[in-house]
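Peer 1: need a 3D model of the following:
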Amino acid sequence: RQEIAGHVSTVQHENSRQADLEQEIQRHRRQCLTMEIRVRELQQQREQHELQLAEVEQSDHEMRGRLLRSERELGATTDQLASLRRSRELSQEEHAAQLKQGSELDRQMAALEVEIQAADAAAQRGQQQQQEAEQQLREANERLERLVQLETQLDQQERDLRERLQTARRMLHSNEQDLSQQRQQLVDLQRRHAVVTERAKVLQDLERRKEGLGSGVKDLLARAHDSPLGPLATVRGMVADLVRVDVRMAPLIDAALGDLTQYLVVQGPTLAEALSTGEIHPKGRVGLLELNTEESPSTSAAPNLHGRRAILGRADEFVECDPPFRALIQHLLGTTWCVETLADALRLQRESTSPMRFVTRSGELVEPAGRILAGPRQSVLGLVSRRSELRALQQEILQLEQEMMRAEKEVTRIKEDIAAAERQVDEHAAQYE
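Peer 2: Below is the predicted model of the structure:
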C-alpha cells in the first residue's frame with residue numbers, strides 16, 4: 001500500500017509539473033503574441049518612415065523644380081544681363097538695378113542649394129531609419145521563428161516524455177502484477193511444501209517407530225543392526241525394504257504381498273537353524289524368506305496376459321529392486337496380475353488355465369484356490385505404500401524446494417525490474433518537470 005501511495009503521489013506530482021509546463025507554454029505564447037504586436041508596430045513605423053521619405057522626395061522634387069526654374073530664370077537673367085551689357089549705353093540706374101537683381105538671384109541660388117543639401121540629408125536620414133526599421137523587423141521575425149521552433153521542440157519533448165512516462169508506468173504495472181502472481185505462486189508452493197513436509201514427518205516418524213511391524217520382526221531387525229556377526233548377519237532386510245514401487249501402484253503390491261512385506265529376507269539357512277535350535281528367541285512371530293541367487297524366475301512358464309482387457313500388468317513389473325533380489329520378487333509376484341476391478345479379476349480367473357493371482361486397484365485379491373479378499377482397505381497404509389509415499393513426498397519436497405528457489409529468484413528479479421522501472425519513472429518525471 002505504501003508503494004501504491006508513493007506511486008499515486010508521484011503521479012500527482014507529475015500532473016502538477018505538467019500543469020506548470022502548460023503555464024510555461026502559455027507564457028511563451030503570450031511572448032510570441034507580444035512580439036507579433038511589436039512587429040506590427042515596427043511595420044507601422046516603417047510605413048510612416050516611407051511616408052516621410054516620400055514627402056522628403058516630393059519636397060526634393062519640388063526644390064529641384066524650383067531650382068530648374070531658377071536656373072531657367074538665371075539663364076534668362078544672364079541673357080538679359082548680356083543684353084544689358086550690350087546696352088551699356090542705358091542709364092546707370094538701370095545698370096545698377098540689373099546688378100542688384102543679379103545679386104538677389106545669386107542669394108536665392110545659394111539658399112536653394114542649402115535647401116537641396118538639407119533635403120538630401122533628410123533623405124539619407126529617412127533611408128537610414130528605413131534600414132534600421134527593416135533590420136528590427138528581420139530581428140523580430142528571427143526571434144519569432146526561434147520562439148515558434150522552441151515551442152515546437154517543447155511540445156515534442158512533452159509528447160516524448162509523456163509517452164516514455166506512460167511506457168515506464170505500464171512496465172511498472174506489469175511488473176507489479178507479475179510480482180503479485182509470483183508471490184502468490186511462492187505462497188502456494190510454501191503451503192504445499194509445509195503440507196508435504198508435515199506428511200513426510202508423520203511417515204518418517206512411523207518408519208522410525210517401525211509402526212505396523214510385528215514385535216518379533218522389530219526385535220530381530222534391532223538385534224541384526226546391533227550385532228553384525230552371527231546368524232543375524234545373514235538378514236538382508238524385510239521384503240518391504242528391498243522393493244521400490246510407484247506410489248500409485250504401491251497399494252496393489254501391498255495387497256498382493258500381504259504379510260510377506262514383513263518377512264525377513266535372509267542369505268542361507270543359518271538364521272532358520274538358529275531359530276530351530278533355540279539359539280535365537282524372537283519376541284514374536286517372524287517370517288523368513290531364504291534368498292537363492294541361483295533361483296530361476298517362476299514366470300518362465302506362466303501365461304502371458306499382456307494386452308488382455310482390464311490388465312494393468314504383471315505385479316513384479318511394477319517393482320524396482322537391486323539385481324540380487326530380482327529373482328525373489330519374480331518368485332513372489334511373477335504369477336500375480338494387476339487388473340481394474342474385482343469383476344475383471346473373477347472373469348480372468350475363470351478364463352485362466354494356470355494358477356494365477358489377481359489384485360485390483362481397490363486392493364481386492366483373488367487367489368487360485370478360489371480365496372477372495374474383498375472389502376474396504378484398512379486406514380493404515382501398508383509398508384510398501386507408506387515407503388513409496390515417503391519416497392514420493394521426499395522427491396516432491398526436493399522439487400518444491402527447487403521451485404521455491406526459482407520462484408524466490410524470480411521475485412527478486414521482478415523486484416529489481418520494478419526498482420529499475422521506478423527509477424525510469426522518476427527520471428522521466430524529472431525530465432518532464
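Peer 1: for residue 417, which non-adjacent residue is spatially closest?
Peer 2: residue 175 (4.8 Å; C-beta to C-beta, 6 or more residues apart in numbering). C-beta: built from backbone N, CA, C; applies to glycine.
Peer 1: so that neighbour touches residue 416, yeah?
Peer 2: No: using C-beta atoms under 8 Å, residue 175 is not in contact with residue 416, being 9.4 Å away.
Peer 1: compare the two (neighbour count), which wins?
Peer 2: The residue with more neighbours, out of residue 175 and residue 416, is residue 175; 20 against 11, by other C-beta atoms under 10 Å.
Peer 1: burial count for residue 44?
Peer 2: Neighbourhood size, residue 44 [other C-beta under 10 Å]: 11.
Peer 1: mind checking which helix or strand residue 82 is in?
Peer 2: helix 2-86 (DSSP states H and E).
Peer 1: check contacts around residue 32.
Peer 2: 144, 147-148, 151 (C-beta atoms under 8 Å, 6 or more residues apart in numbering).
Peer 1: max-length helix in the protein?
Peer 2: As assigned by DSSP state H, the longest helix anywhere in the chain is helix 92-208.
Peer 1: tell me the angle of it relative to helix 2-86?
Peer 2: Following axes from the mean of the first three to the mean of the last three C-alpha atoms, to 10 degrees, one obtains 170 degrees for the angle between helix 92-208 and helix 2-86.
Peer 1: returning to that earlier point: generate a PyMOL selection restricted to the buried subset of the contacts of residue 32.
Peer 2: Buried members of the contacts of residue 32, defined by 16 or more other C-beta atoms under 10 Å, are picked up in PyMOL with:
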select buried, resi 144+147
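Peer 1: ok, the contacts of residue 32 vs residue 406, which is closest?
Peer 2: Nearest to residue 406 out of the contacts of residue 32 is residue 151 (C-beta to C-beta; 52.5 Å).
Peer 1: ok, the closest residue to the closest one other than its chain neighbours - contacts?
Peer 2: Leaving aside its sequence neighbours, residue 151 sits nearest to residue 28 (C-beta to C-beta, 6+ apart; 5.7 Å). Counting by C-beta under 8 Å, 6+ apart, residue 28 touches 147, 150-151, 154.
Peer 1: do you know the pLDDT at residue 28?
Peer 2: pLDDT for residue 28: 83.
Peer 1: returning to that earlier point: report the mean confidence score over the longest helix of the chain.
Peer 2: Here the average pLDDT along helix 92-208 is 83.
Peer 1: who does it touch, helix- and strand-wise?
Peer 2: Here helix 92-208 touches helix 2-86, helix 383-432, going by 3 or more C-beta pairs under 8 Å, 6 or more residues apart in numbering; DSSP states H and E.
Peer 1: for stretch 20-30, which positions count as buried?
Peer 2: residue 21.
Peer 1: same question, stretch 143-163
Peer 2: If you call a residue buried by 16+ other C-beta under 10 Å, then stretch 143-163 has these buried ones: 144, 147, 161.
Peer 1: hang on, the earlier thing: the helix holding residue 82 vs helix 383-432, what angle?
Peer 2: Using the same axes, to 10 degrees: helix 2-86 against helix 383-432 is 20 degrees.
Peer 1: distance of the closest residue to residue 313 other than its chain neighbours from residue 311?
Peer 2: Leaving out its chain neighbours, the residue that sits closest to residue 313 by C-beta to C-beta, 6+ apart is residue 338, at 5.7 Å. To residue 311, residue 338 is 8 Å away according to C-beta to C-beta, to the nearest Å.
Peer 1: so the two - more neighbours on which side?
Peer 2: Higher neighbour count among residue 338 and residue 311: residue 338, with 23 against 17, using other C-beta under 10 Å.
Peer 1: which helices and strands sit right next to the stretch of helix or strand that one belongs to?
Peer 2: According to DSSP H and E, residue 338 maps onto strand 336-339. Helices and strands touching strand 336-339, by 3+ C-beta pairs under 8 Å, 6+ apart, are helix 250-257, strand 311-314, helix 342-351, strand 357-360.
Peer 1: and of those, who's closest to residue 140?
Peer 2: Per C-beta to C-beta, nearest to residue 140 of the helices and strands packed on strand 336-339: helix 250-257, 95.6 Å.
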